[in-house]
Each structure stands twice: as structure tokens, then as C-alpha cells.
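**Student:** need a structure here:
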Amino acid sequence: MELIGPALGNVFAITNLVFLFSAVAGGILVGALPGLTGTMAIALMVPFTYSLSPESALIVLGGVYVGAMYGGSIAAILINTPGAPAAIATTFDGYPMAQQGRAEEALAASATGSGIGGMFGTLVLLFFAPVLAVVSLKFGPPEYFWLGVLGLTIIASLSAKSMTKGLLGGLIGVLLSTIGLSPSTGEARLIFDSSNLLGGIDVIVALIGLFCVPQVLTMAETARDQAGVSLYKPAKGTTVRTIKFVLGRWVNLLRSSIIGTVVGIIPGAGGNVAGLLAYQEAQRAAQDRGSFGRGNIDGVIASETSNNAAVEGSLVPLLTLGIPGAPQAAVLYGALLLHSLRPGPELFSGNGAVITYTFIFSLFIANAIMFIIGISASRVYARALNLPINMLMPVVLALSVVGAFAGRNSPFDVVLMLILGIVAYFGAKVGLSAAPIALGVILGPIMERGLVESMMLSRASGGLFELLFSRPLSILLIAMTVVSAAWPFLVSYKERKKQGDEEGAGRKPAKLPAGSLHPVLANICLTVLSICIAAIVYISLHGEEVEPETLVVPMVSAGLIVIAAALLLFQAIQLHRQGATLGETKPWNIPSTLTSLVMAILYVVLINYVGFFIMTFAVMIILGWFLSPAEARVKGLAKNVVTAAFVSAGFFGVFVKIFNVPFPEGFLF
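**Tutor:** Numbers count the residues shown, from 1 in each chain. Okay, the predicted model is just below:
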């Protein structure tokens, strides 16, 4: 209690409040830009804290962390691209809400849920940190393996159309995550003699490719016929009404906050897993389960509340044990050491205690500031939907390139992003969703590390089966996994039995993407693709002289992919016998799509020679011309040129002058 006064005095010092507001605002900006993660933002800010006092430095870095986590929801809602991995689940309902003209409602719900989740996590950090830190130490390799499996069970909730296709997508994601050096043995696999693949596929690169590039090509399909992504019309009182509604969903808020805090405490899990698990639990508890994935505000509330509670949860093991719970916390660990603060019990006693409690109390203010900025600006953000698609699309493409390049300064990552995006775009035409693939990419390393390290431990402890199935926490996670995986099937069975409706209670057939293939042909195409993938994996890994632990996950994944292929072929035969029809879909605007695809490829190929800013300027003009209606091209050319110049200059100012983010330079630089 005697520390409260000095700590609050530090927090409410005018200089620190200015630092905190600026840090939160900057964090939101970084989080909203696809590919620029909170980890990158915190790392970029560390050098600027050298000359600050320890408490001011931690206030700044904590504010950036809080702001960036919320900022990821802005891109997720507006353009279906998670600004951060933790915002994946926000895209499931946030973007459909934006398409329905409810972007302001989704953004206000995100800001409210984020603020509440962050404050809940801060309360836990303040009062229960030492106790909960002990829990994080109970997690060993077996528990991490089952935690990853538990996370993958959300595929059952995401795959209402076809569980088999969802499973296939998750397995492909897990397989992608195994490319490169094994995290446990350090041996290479599936690199196909390319040194560029030794580092594996970066999660951010995968997310941008799987979500952003398909969205760019989808925009091209409707660019000539549609003024913007959606028609947003401001309505008086929307934000206030949304805040009241969110506060009334206290069960969802409390459940999601608890999930986020607990998962955040587990080192290595973080907001990625927390948001997905909270989303699944919200869907499971809802009466209108069929509306999830179609614009249900509870999905946004669950995801954002949980992943922001995980921010403070990740700080529990950091401050008490010196174990970072998330990548952002790892950077904070370095900042603590930089200012001669060693994480551990001594942070909560002696001279370090005032600094520690100053940092914790500043998180309350940071979440309040984040809520105020988010609520105040939600209407401004939502207006982005009214921008002409022929202008918005190249901007999103340019952001994708910067985000993919910035992580490792690698042109190869940009190419990889584009390849994944093209695969995801055409995968949607055959019913293969990007969400399960992204889920597999994120959870694959958690599962593999847990399984491989369990295999190594079993050599000394007796047997793998006993190690995986006998520990108390493992048994609890196994039980949760079984319930989580079986629950959607039980609910679906009850609904069909009660309603006599194959689509389930309250569920309407969803509109298919333009150009979707007939279900029978789609299943056959996926079957052939799956067998080819499995064959490539087996041929690549056959005869490799490496430890068995290096090959176990990719080989098992390839085997399960073959089983999924067999199921898809069986379903294709059944669908053919039943006379299945395609369903409701729009015509596919092939010329616009192909032109945009060619321009995207040229953009990625030439950007390293011509330079980012010149190519961005040129692509904006070319796509702006081609994707405009024919009668408006000449009239709008001057506007396109001015807009392209303004956007290119904006990119230079933000990325180069403010954040010092690297970009493909070209011959002029």
C-alpha cells in the first residue's frame, strides 16, 4: 500500500502522461498496418528509451504494447487482414460486419472489449502475479503439445461447410510451419535446396499472404461495379449504443478475459491462441451459433477482449520469473535489463518496487487511453470503407509488401507472401478457407516443440505414452480437447434432429465466392492437390539422415493429408450421386482479376530493381486506370496521379522517417 502513492505520482506526471498517450497512439498505428507487429514497434522504440528514466521507459514500451494489440483489429475489421496474429479471430465476424455496413459498430465493440480485457488482465497482474507465475512453471513439453491440439480443435467451429476441408487446411498449415530448421533438433527439412527456406516461413509473412493478398484480388473482382469495400453510412448514436451492448455481454467479457489472462501467462502461447479459444467458447455458449462467421458482434468481443487480456497475462511470468510469455514480452525483458532491472522477486521489493508498480498502474491508463482513441476514431476508421476500390486495393497491396519485407529484410519473403496469397485465393474457389491454414501455421510450432521434446524426455523417463497421458495438466487439456472437438458435432446433431433442417437452426446457405467450382469438381481438385503435397513431402524426406524427431511432424501431417484426400474423394462420389448443385454465387470478373494478379506479380518481381516508392506510384496509377469504369478513366486520371503521389509520400514519411522500417530500395536509393 505504501507504494501506491509514489507509483501513481510517477504515472500522472505530465511528461509521463504525454509519453503514454503518444506511445498508445503510435502502437495503434503500427498494429493497424499489416505486417508491422507490436514486437517490431517495441523493438524500434527501445533505443529511444536510453535517455529516459526506467519508469518512463517502461511506460512508453507498455503503451506501445497495449496500443499495437488493439490496432491489429482495425485492419482485421476493415480489410479482412489481421494487423497482428492475435487478431485472426477478429476477422471471422469483424469483416462480415464491415461488409454489412456495420464497421463502426465492430470497431467500437473491439475498442470496448479490448479496454475491458486489458484492465482485467492488469488487475490480475497487480494482485495475483506471484501466485499465477507458479502455474506457468507447471507447463512442460506434454502440456504445450496438448495446448496446440486444443487450439486446433477450433477448426471444427470454423468449418461449418466441410469439416474435412477445414482439417485439410489445418494440416497444410502445420506442414508449412515445419519448413526450415527443426526448432528442437536444428536439422533442416523441406527446404528443397534453398537457403532462403532455412529460416522457415515467418508467421507474419504467412498471415499477410493468406489474408491480405486474396482480399486484394477479391477487391479487383468488384472494383468496376462497387464504389468501395462496403457502403458505410454514419448513424447517430451507434458508438454509444454499441458500448452499452458490449457492457451488457458481461458473461462473454468475463469468460474471454479469464481465457486471455490464463493463456497469456503460459509462455509461448500469447494472444494468438487466446483469441481463438475465446472465440470458440463464445460460439459454443451462444444460442445463435449459426450467425458466427457471418457478422456476430459476440465474436469480435470475445477475440479482442481475450487477446488484450493476454498482454498483461504475458507480463506475469516476465516480471515475477524473468520468463517472457510472448515475443513482445521478450523485448520488454531486454529493456528491463537495459535499465538495470532484473526480472524476478526483487522487482517487487526494494528500490525496484516503485518502478514495477508504476509500470503496472500505467497499463490501466494505457488501456483507458486506447479505449478513448478507439472509440473516438471508430467513425473515422469506418469511412475507409467508402474509398474507391481502385485506390484502396493498391494501397493494401503496398502495405502487404512492406509488412512482408520488414520482418527479415528479405525479398524472398515478399515472393513467398505472394505465392501463399495466390494459393489462398484460388483455394477459396474450391472451398479451402485461409483461416484453418493460418491456425495450423501458428499452432504447428507449439505442437511440434511439445511433441518432439516429449519424445526426447521419454527416452529417460520410460515411455512417450505415459509422459503424454499421465500428467494432471495433460489430462485436463486432453479432456478439454475432446469436449471442444466433439461439441460442434453434438450441437449440429441436436439441431438437425430438432429442426429437421440440414443447415442447422437459424443457418442460411452462405454465398460462395465468385468463380467457385462445383462441389464435386472442387473435391476432386483438392484430392489431387492433397496427394501431390503428400507425395512431395514423402519424396523430399525419404532417405534423409536426420533424427527421427525432425521428421515426425511433417511425415504424420502428410499421412493425415492423404486420409483427408480419401475422405474428400468419397464425399465427391456421394455428392455426385445426390446431384449436388453449386449454390448462390456471383459471376467471376476474370479480366480484372487476371490483370490485378499480373500487376501484383510484376510489382513483387520489379520492386527490388526499380524500388518500392516508384513501383507503388506506378502500380497505383495503372490499377487505378484499369479498375475504373471505362467512362471515368480519363476524367479520373489526374486524381489518380495526385493520390498515387500522396500515398507514396505518405509511405516514405511513415515508414522511413518515423518508424525507420526497411523497404526494397531499387536503383535510385
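
**Student:** would you state the helices of the stretch 501-650 of the chain in chain order?
**Tutor:** All helices of the stretch 501-650 of the chain, identified by DSSP state H, counting those that start in this stretch, fall at 519-541, 548-578, 590-610, 612-626, 633-651.

**Student:** spatially central residue for this protein, please.
**Tutor:** Central residue of the chain (C-alpha atoms, centre = their mean): Pro85, 2.5 Å from the mean position.

**Student:** do I have it right that that one meets Asn272?
**Tutor:** Yes - the pair Pro85 and Asn272 qualifies as a contact (C-beta atoms under 8 Å) at a distance of 4.7 Å. In this view, the C-beta of every residue, glycine as well, is placed from N, C-alpha and C.

**Student:** okay, and the common contacts of those two?
**Tutor:** Common neighbours of Pro85 and Asn272 (criterion: C-beta atoms under 8 Å, 6 or more residues apart in numbering): Ile442.

**Student:** tell me the pLDDT of the residue nearest to the centre of the chain.
**Tutor:** Looking at Pro85, its pLDDT is 78.

**Student:** list the contacts for it?
**Tutor:** 37, 72, 203-204, 207, 271-272, 442.

**Student:** returning to that earlier point: as TSV, the helices of the stretch 501-650 of the chain with mean pLDDT would be great.
**Tutor:** Converted to TSV, these look like this (pLDDT from 0 to 100):
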stretch	mean pLDDT
helix 519-541	93
helix 548-578	91
helix 590-610	87
helix 612-626	87
helix 633-651	86
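
**Student:** so how many other residues sit close to Gly186?
**Tutor:** Neighbours of Gly186 under the rule other C-beta atoms under 10 Å: 10.

**Student:** lowest-confidence one in the contacts of Pro85?
**Tutor:** Lowest pLDDT among the contacts of Pro85: Gly271, 68.

**Student:** using the three-state scheme, assign the residue nearest to Pro662 when sequence neighbours are not counted.
**Tutor:** Using C-beta to C-beta, 6 or more residues apart in numbering and skipping residues adjacent in sequence, the residue nearest Pro662 is Asn409, 5.0 Å away. Assigned by DSSP: H, G, I helix; E, B strand; the rest coil, the conformation of Asn409 is coil.

**Student:** in the longest helix along the chain, what's buried?
**Tutor:** Longest helix of the chain, by residue count under DSSP state H: helix 103-137. Going by neighbour count (16 or more other C-beta atoms under 10 Å), the buried part of helix 103-137 is 103-125, 129, 132-133, 136.

**Student:** what helices or strands is that helix leaning on?
**Tutor:** Judged by 3 or more C-beta pairs under 8 Å, 6 or more residues apart in numbering; DSSP states H and E, helix 103-137 is in contact with helix 54-79, helix 88-99, helix 238-248, helix 250-265, helix 297-321, helix 352-382.

**Student:** tell me the mean pLDDT over the last one?
**Tutor:** Taken as a whole, helix 352-382 has an average pLDDT of 88.

**Student:** next, the angle from it to helix 238-248.
**Tutor:** Here helix 352-382 runs at an angle of 130 degrees relative to helix 238-248 (axes from the mean of the first three to the mean of the last three C-alpha atoms, to 10 degrees).

**Student:** same check on the fifth one?
**Tutor:** Taking the same axes, to 10 degrees, helix 297-321 and helix 238-248 form an angle of 70 degrees between their directions.
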